[in-house]
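[1] Return atomic coordinates for the entry below.
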Amino acid sequence: MTLVADGSRTSIRQPERVVYIHTYYDDTGFKINNVKYEGSLLIVENKIMTWTPKTFADITAESLSIFKVVHPIPEILILGCGKYVQPVSPELRKFIRSTGMKLEAIDSSNTDVSTDATSQAVDATPRRKTKIVCTIGPSTNTREMIWKLAETGMNVARMNMSHGDHQSHQKVIDLVKEYNAQNTDGNTVAIMLDTKGPEVRSGDLPEPIMLAEGQEFNFTIKRGVSTEDTVSVNYDDFISDVEAGDILLVDGGMMSLAVKSKTADTVKCVVVDGGELKSRRHLNVRGKSATLPSITEKDWEDIKFGVENGVDFYAVSFVKDAKVIHELKAYLKSANADIHVIPKIESADSIPNLQSIIAASDGNIKAMVARGDLGAELPIEEVPLLQEEIIRTCRSMQKPVIVATNMLESMIDHPTPTRAEVSDIAIAVREAADAIMLSGETAHGKYPLKAVKVMHTVALRTESSLYDPTKAPSLVARPKALLNDDFCKSQLSKMFGSHATMMANTLRTPIIVFTRVGSMAVLLSHYRPSSTIYAFTNEVRVKQRLALYQGVVPILMEFSDDAEETFSRAITSLLDAKYMNEGDYVTLVQSGSQSIWREESTHHIQVRKVQC
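    Next up is the predicted model:
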């Protein structure tokens, strides 16, 4: 039987005995027999059923009652998903498996193509490769919201230590760990702790002050001052850091003042761009960085808190040079803490030291392009070029990179993004960022779930236009004349990663890798294969960290001494999750710093056919 999936741009070639059950989407899920509907359920001879919901990720337990009116349960459920498929929620996938139905999906976006539902089905859940970091705050710090964020697309939960206290952050950590413990469908949420850093902020005000262009206004290092024309700052060396002629930016550039003169304790300014000055606003001097240490006393307390809770990543604010990275690494080593470090590139001093900052590691350093403060300390027109340079530098050094700040800023208050914000996400994806980040959008915004959905769909759509299976990887290791021991240790895995990517791209197969420390999975991610990397590991910490890497789906599984038995269990888990089908081909990679089921000097790339 030939049919085209029921969708907004398709038509059904109706066989006999077709029964329609229409559904309607709202905040509670799908309602049966409602006049207004966004999707439809089609039962064909009680054997094949197609369903075109508005979004698969939002299906609730209540909406699964739609199947209670279907008798008998069809053998096959076909999701009419459109060209760019949205992820099927773990809840729905688990329920479908429990009914005994086979889950398939077809493209419902093409009205001219007929699809044989039993033979031309495709993967129902193509993976978004670019990862999404969500900042958790008052809008999202409940169990319900963290679950929804994870199911909508969150890969990393970020805690901004500039806000909240250890008690509130402890709650978030516990909830994320609870989600990871309960989730069995391969989705993992890593935990990132973002330090406050050496911020210079204005003091408390009894009420906001309106600053008008041309108005004289002062900042003083005296504590507790809050008058109509003067406010305190929290940094004693503020006077030394500024000079007449400097431009002082308030709140990331929302307001600006020109420094006219200074005394022993006061900086006298004239307002250039006015606005409403509120309590504790961030202050920057354009083109300069404060002489404060990169890691403050508060940061060290927060870092110790992270060690106690086993977080996965530290994002270190206002890193100026490699010294602070070495200092933090030494502390983590002394504390026996397996936590990776992400320097935030957001100060004027960090740009000339970029390569040394990124290189100051033995493989556990990432980077974040924190565009808010970067744009405050440097000319705003430089930020797009610097973003591209930072991403390119990280890619050349095989370090993951996150693009952050203002990506969907308008969605803090509005349910839809601006077109410029959509383009911003697409540009970051096209420039090959490993992850993109939401800050206020999910921390205190009105529409956190919608923001994640927008970021997910834009990234997925952009990725679909990028990958050319015939193109060789961009990070191919250069061959050397002799395969000496040093070369083998430093370059051989890179060569295998490159060729494994080429093979998977040519054959259009997913990649399966077994890893104890994550090295080969990370390397494959840097080569950007067009297919998904399924990284099986027996270490929880490795699984958590791999959640940040582009294109990697980390899966926790115990390894046995029998390689074939372990491989068989891995295939079974992927089949059960509908990540692949029987008869598909996969590229299996065995390489890396710690050998599994092989001699240390032996590396394998195999192509296998999936069989139950």
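
[2] contacting residues for Leu354?
    Ile345, Glu389, Ile390, Thr393 (Cβ atoms under 8 Å, 6 or more residues apart in numbering). Placement of C-beta: from N, CA and C, glycine included.

[3] Please repeat the previous calculation with a cut-off of 6 Å.
    Remark: with contacts taken as Cβ atoms under 6 Å, 6 or more residues apart in numbering, Leu354 is in contact with Thr393.

[4] how much space between it and His163?
    28 Å (Cβ to Cβ, to the nearest Å).

[5] my guess is Ser261 contacts Lys268, does it?
    Yes. Contact criterion Cβ atoms under 6 Å: Ser261 and Lys268 qualify, at 4.9 Å.

[6] which of these two has more neighbours?
    Lys268 (18 against 10; other Cβ atoms under 10 Å).

[7] May I ask which helix or strand encompasses the more buried one?
    Here Lys268, judged by DSSP states H and E, is contained in strand 266-273.

[8] who are the neighbours of that strand, in terms of helices and strands?
    strand 216-220, strand 255-262 (3 or more Cβ pairs under 6 Å, 6 or more residues apart in numbering; DSSP states H and E).

[9] And the ones you listed: which comes nearest Thr140?
    strand 255-262 (28.7 Å; Cβ to Cβ).

[10] and the closest one, how far out from the chain's middle?
    Distance of strand 255-262 from the chain centroid (Cα atoms, centre = their mean, to the nearest Å) equals 38 Å.

[11] all numbers from here: first residue = 27
    With 27 as the first residue, the last one maps to strand 281-288.

[12] in it, what's buried?
    For strand 281-288, a neighbour-count test (16 or more other Cβ atoms under 10 Å) marks Met281, Ser282, Leu283, Val285, Lys288 as buried.

[13] Where does pLDDT dip in the stretch 327-476 of the chain?
    Residues of the stretch 327-476 of the chain that meet the criterion pLDDT under 70 lie in 387-392.

[14] and Lys346, what helix or strand is that in?
    Counting by DSSP H and E, Lys346 is part of no helix or strand.

[15] how close does it get to Leu601?
    Lys346 is 50 Å from Leu601, where distance means Cβ to Cβ.

[16] Pick out whichever of these two has more residues nearby.
    Lys346 (22 against 16).

[17] quick check: domain ranges of this structure?
    Annotated domains of the chain cover 44-132, 159-222+323-490, 235-311, 511-635 [automatic domain parsing].

[18] circling back to that earlier point, in TSV, list the helices and strands packed on strand 292-299 along with mean pLDDT and distance to Gln517.
    Formatted as TSV, the helices and strands packed on strand 292-299 follow (pLDDT from 0 to 100; distance: least, Cβ to Cβ, whole Å):
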stretch	mean pLDDT	distance to Gln517
strand 242-246	96	54
strand 281-288	95	50
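
[19] can you redo those strands as CSV with distance to Arg169?
    Output for the helices and strands packed on strand 292-299, formatted as CSV (distance: least, Cβ to Cβ, whole Å):
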stretch, distance to Arg169
strand 242-246, 43
strand 281-288, 38
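
[20] for Ala633, helix, strand, or coil?
    Just to correct that, residue 633 is Val rather than Ala. strand (DSSP: H, G, I helix; E, B strand; the rest coil).

[21] With that, I have no additional questions.
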